[in-house]
Each structure stands twice: as structure tokens, then as C-alpha cells.
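Engineer: got a predicted structure here, sequence first:
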Amino acid sequence: MRAFADSPPRVAVIGAGAFGSWTALHLRRLGADVTLIDSWGPGNTRSSSGGETRVIRAIYGADRVYVEMVRRAYDLWLQLDPTLYTDTGALWMHRGDDAYVRSSLPVMRENGFAVDQLSVADAMKKYPQISFNGIKSVWLERRAGALSARRACGVVRDAFTQAGGTYRTAHAMPNVTDSLKSLRLEDGTRLEADHFVFACGPWLGKLFPDVVGDAIRPTRQEVYYFGTPRGSERYQPPRFPIWIDFGERIFYGIPDVHGRGFKIADDTRGEVVDPTTQERKPSEAGLMRARTLIAERFPEMTKAPLIAAEVCQYENSPDGNLIIDRHPHASNVWLAGGGSGHGFKLSPALGEMVAARVLQDKAVPEMFLLERLHALKKRETQFDRKN
């Protein structure tokens, strides 16, 4: 832990999901006096970090920044608690163009990630549980797997408090004008700090309407778990992988990890919702789409019973990239978010990046800065005026 010449800087981190908890842990490891707060607790059901599992994989097209972040994230996840990770591999199934995977191969190799192209015939032999009808190309990302999401948030929070950090369940009510000296909490108390990091997931736009606003759009996403055949390990790792089916809609799934069931989710962005008040009851239309895909791709599971379901949300940025930046009107306020459905796995590396930005003034990739959101919004406005 780094020692500061004077008293350590005080940092308040608001939001104890994956982004906030990892940021708090890294700040503490750098020697800061850190308080982490959350309205409902780490990995709660309303948060984007809740739920049973998340995918960790490294294929990101030709985007070197994300591949390197995944590589670093693997190291940090496994250092923290290896039991949070289940190795499965990831099967990428394309009904059409597979340029996204092909473009990723050079940077994947440079970062030590192996990707194998399988013929459809070989894929059928390797995974007889899957029907490859309509699939034109198959790729197997060897190092990929599932992270225990809700549990991970608690593990990170516990590592943070064991390192000397302070955790509180409380609701923050920010009022940012210029430099922020203290944060008002709903219980009437105030939290004083030198720096404030807001990692509030789907609430980030509502908390900062003038700076973020609708650049963060929470969308409703449904996840289903189906019962696998009795007495069979065919849908458990290592015999069955994480899979992604690129069709008219993109579906993905996670094998039966920890006896939870066969997970399937539609990656298509749903309707915009309020994460605090939305009813989390699965829809008949969503369930029907999931069953239709299962009948086509996993015939043995056609009549499998639905054993659980979750309604969560993505918090989408316009271009799908993360947000890591200083508040433009408050030099000691920082924003971290924009997970856009793929950010959870990156959270250890993101937290490290945020902590280094706050305490060491290290730069972050330009693709994560707020300025690019304003440029995107300007282009959208210009396009609307022309059409």
C-alpha cells in the first residue's frame, strides 16, 4: 500500500456494484482513506451487477484496449478468488459474416488468447447437444468462462473492508456545482471527502442530467434458466461451453453452472426503464423468443421446464464504450459507468484505471471520455435535422 507524505486523501465511492467496489478496492490499495456506499448493497437485484453469472471473454474485434483490459481483468479476478470463475470456453456461431471474430485474431494472439476455427462438421462432433443448422462458421475462444456476478460483488466489498476501507448502506443525493466538499445522504448525514467517484450504473444519467443525461440509457433485459435433463452432465462445463448465436437477434447462453440451470438471454436492447421502479416480471414474448431459439439450436431442450428467470438491465452508452472521466464542472468529482452489457468482466481493470486516474492523474483512453458522447449527440442532432 502506497504511503502519502501527508494524511491520505479521502475518497468517497458511490455505488458498490462491480465498477464501484473494484474502484474502492484499488483506491484503498493505493493508500487512500476510502468510504464505499450503496443504496441497496453490493450486487443487489436492482443493480446491473446483480444476477447469477456473467460472461468473461476477450474477442472484441480489432479493439486492442478492451482485449488488454480483459487480460488484466483475468489476472485480478483470479488473484482475488479463483472460485468466482468457471472455465467453459466460448463458442461463436455465425449465420452470416464473421468479420468481427476474424478481425480480432491478431490482437488476440498478441495477448495470449487462443481462438480455433472449427468446421461445422467438427463442431457437430464436438458438441452433439447443438444443432448447427443455418450456421456458416464456428469459432471456439478457448479461454472464456462464467463469473459469479452477485457473489463477486460481495467478495470484492469484503476484500475492500479487510484492507481497511469503510462500507455503508446509504443513499447519496449529489448536488454538484463546482468542487464538492461533502455529500448529503438521505438519512440527513453528510459524507466529507477530497474526491468523489460516482459508479452508479443505470442511475448515472439521472444523477447527472446535465453532464450524462440520456447518454446512459437503462434498458430492460430478460434472462431465463431452463432445467437440464435429469442425471446428465451434457450441459455442464467442461462438456458444454458458453455460446453466442449471431442471427437476426443475438442470443447467448451459459451452461449449467452451480446447478442454476441452462441460461439463455437475448442481447437485443430492450425498452428504456427506470431501474428503481421497473417491475421485474418476465414477459411472455421474451420467453417465447427464448423457447423458439432453444427449439432450433438445442433440440433436446425443446420441452425443458423454465426453472428461474431474471429481469435486469443494461446501462448503455451511445457507442457501447465505457465512461471514465472527471466531471467537467467539478475537479474532484469522477464518473465511471456505461457498462453496456459487456462491462462486468472488465471491472477489475476498470477500477484500477479509475483509481490511477483519481490519485495519480494517469490518462485513460480517449474512447472513454465524456467529450466523445457530446460529439456523438451533436452528430445525431445533425442527422435528425437532415431526415
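Structural biologist: That came through fine.
Engineer: what helix or strand does W92 sit in?
Structural biologist: Assigned by DSSP states H and E, W92 belongs to strand 90-94.
Engineer: who does that strand pair up with?
Structural biologist: strand 137-141 (antiparallel), strand 242-246 (parallel) (DSSP bridges).
Engineer: against V156, how distant is the closest residue to P348 other than its chain neighbours?
Structural biologist: Closest residue in space to P348, ignoring its immediate chain neighbours: L76 at 3.4 Å, by Cβ to Cβ, 6 or more residues apart in numbering. Any C-beta I mention is one placed from the backbone N, CA and C, and that applies to glycine too. L76 sits 10 Å away from V156, going by Cβ to Cβ, to the nearest Å.
Engineer: overlap of the contact sets of the two?
Structural biologist: Shared contacts of L76 and V156 (Cβ atoms under 8 Å, 6 or more residues apart in numbering): W22.
Engineer: those two: who's more crowded?
Structural biologist: When neighbours are counted by other Cβ atoms under 10 Å, L76 and V156 differ, and V156 comes out ahead with 30 against 17.
Engineer: does the more buried one sit in a helix, a strand or a coil?
Structural biologist: Judged by DSSP: H, G, I helix; E, B strand; the rest coil, the three-state class of V156 is helix.
Engineer: ok, the residue nearest to it when sequence neighbours are not counted - contacts?
Structural biologist: Spatial nearest neighbour of V156, chain neighbours left out: S21 (4.0 Å); criterion: Cβ to Cβ, 6+ apart. Residues in contact with S21, defined by Cβ under 8 Å, 6+ apart, are L36, P42, C153, V156, R157, F160, S347, G351.
Engineer: can you rerun that using 7 Å?
Structural biologist: L36, P42, C153, V156, R157, F160 (Cβ atoms under 7 Å, 6 or more residues apart in numbering).
Engineer: my guess is the fourth one contacts W22, does it?
Structural biologist: So the one you mean is V156. Yes. Here V156 reaches W22: they are 5.7 Å apart, a contact under Cβ atoms under 7 Å.
Engineer: picking up where we left off before, outside of the strand holding W92, which residues touch it?
Structural biologist: 57, 59, 101, 127, 135-141, 144, 241-246.
Engineer: in that strand, which residues are buried?
Structural biologist: Residues of strand 90-94 classed as buried by neighbour count (16 or more other Cβ atoms under 10 Å): A90, L91, W92, M93, H94.
Engineer: repeat for stretch 9-29
Structural biologist: Buried residues in stretch 9-29, counted by 16+ other Cβ under 10 Å: 9, 11-29.
Engineer: which parts of the stretch 251-387 of the chain are strands?
Structural biologist: 262-266, 306-316, 323-326, 333-337 (DSSP state E, counting those that start in this stretch).
Engineer: most packed of the ones you listed?
Structural biologist: Ranked by mean neighbour count, the strands of the stretch 251-387 of the chain are led by strand 333-337 with a mean of 26 (mean count of other Cβ atoms under 10 Å).
Engineer: quick check: angle from it to strand 306-316?
Structural biologist: Angle of strand 333-337 versus strand 306-316, following axes from the mean of the first three to the mean of the last three Cα atoms, to 10 degrees, is 140 degrees.
Engineer: distance between strand 333-337 and the chain's centre?
Structural biologist: 16 Å (Cα atoms, centre = their mean, to the nearest Å).
Engineer: i'd like the first residue to be 48 from this point on
Structural biologist: All set: I'll call the first residue 48, so the last point we hit is now strand 380-384.
Engineer: I'd like to know which elements that strand is packed against.
Structural biologist: Strand 380-384 sits against helix 65-76, strand 242-245, strand 370-373, helix 394-407, with contacts defined as 3 or more Cβ pairs under 7 Å, 6 or more residues apart in numbering; DSSP states H and E.
Engineer: relative to helix 65-76, how tilted is it?
Structural biologist: Angle, strand 380-384 to helix 65-76, by the same axes, to 10 degrees: 130 degrees.
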